[in-house]
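Enquirer: I'd like to go over a predicted model; first the sequence, then the structure.
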Amino acid sequence: MPLKHKYYNINSNFVGPFPLTAEEIDKARYNQYGCYLLGYSTAASYKIRYVGRGHLKTRLRTRLKERKYEVFYYKVANVKFTRFRIECSEFHRYGKANLLDNKIHPAKIAGNYPRCTEIGCNGEAY
């Protein structure tokens, strides 16, 4: 039975959707750090299949090579811990490894930080 990926949720408050193309990724606004959502279009909306964080241009270029996703959303976040919190929140919002292509929970950043800020999360193994 195919996975039932979740549609983009306006509460995510990301910018997008944008086509996942080399021309789009080359724009200057992606030369910064943040979080991103990857998905594909349907007749009704956009289904989210992957949640990530890092240097946007670098990460999006890597995902473009996979030819697996059509669109992306992004949110700028310059602080590492902020990116971690956003990625965890979105990972949970869009169904965790059960519905996303992400196979594991977002990796904790170095330092004395909590594993995940989501209430009830046992911090899936990573």
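Expert: Thanks, I have the structure now. Numbers count the residues shown, from 1 in each chain.
Enquirer: When you work out contacts or count neighbours from here on, use the C-alpha atoms and nothing else.
Expert: Noted.
Enquirer: Other residues contacting the helix or strand residue 62 falls within?
Expert: Residue 62 is part of helix 56-66 when elements are defined by DSSP states H and E. By Cα atoms under 8 Å, 6 or more residues apart in numbering, the residues outside helix 56-66 that reach it are 20-22, 25-26, 30-36, 53, 69.
Enquirer: Could you measure from residue 62 over to residue 109?
Expert: 21 Å (Cα to Cα, to the nearest Å).
Enquirer: next one: residue 76
Expert: From residue 76 to residue 109 the distance is 17 Å (Cα to Cα).
Enquirer: Between these two, which has more neighbouring residues?
Expert: residue 76 (20 against 13; other Cα atoms under 10 Å).
Enquirer: The closest residue to the more buried one other than its chain neighbours: what secondary structure?
Expert: Closest residue in space to residue 76, ignoring its immediate chain neighbours: residue 34 at 4.2 Å, by Cα to Cα, 6 or more residues apart in numbering. Recorded secondary structure, residue 34: strand (DSSP: H, G, I helix; E, B strand; the rest coil).
Enquirer: hang on, residue 34 packs against residue 78?
Expert: Yes: using Cα atoms under 8 Å, residue 34 makes contact with residue 78 at a distance of 6.4 Å.
Enquirer: Of these two, which one has the most company?
Expert: Set residue 34 next to residue 78 and count neighbours by other Cα under 10 Å: residue 34 wins out with 25 against 14.
Enquirer: partners of that one in the sheet?
Expert: The residues listed as beta-bridge partners of residue 34 by DSSP bridges are residue 54, residue 76.
Enquirer: Number the residues from 55 up from this point.
Expert: In the new numbering, first residue 55, that becomes residue 88.
Enquirer: what's near enough to touch it?
Expert: Going by Cα under 8 Å, 6+ apart, residue 88 touches 107, 108, 109, 110, 128, 129, 130, 131, 132, 137.
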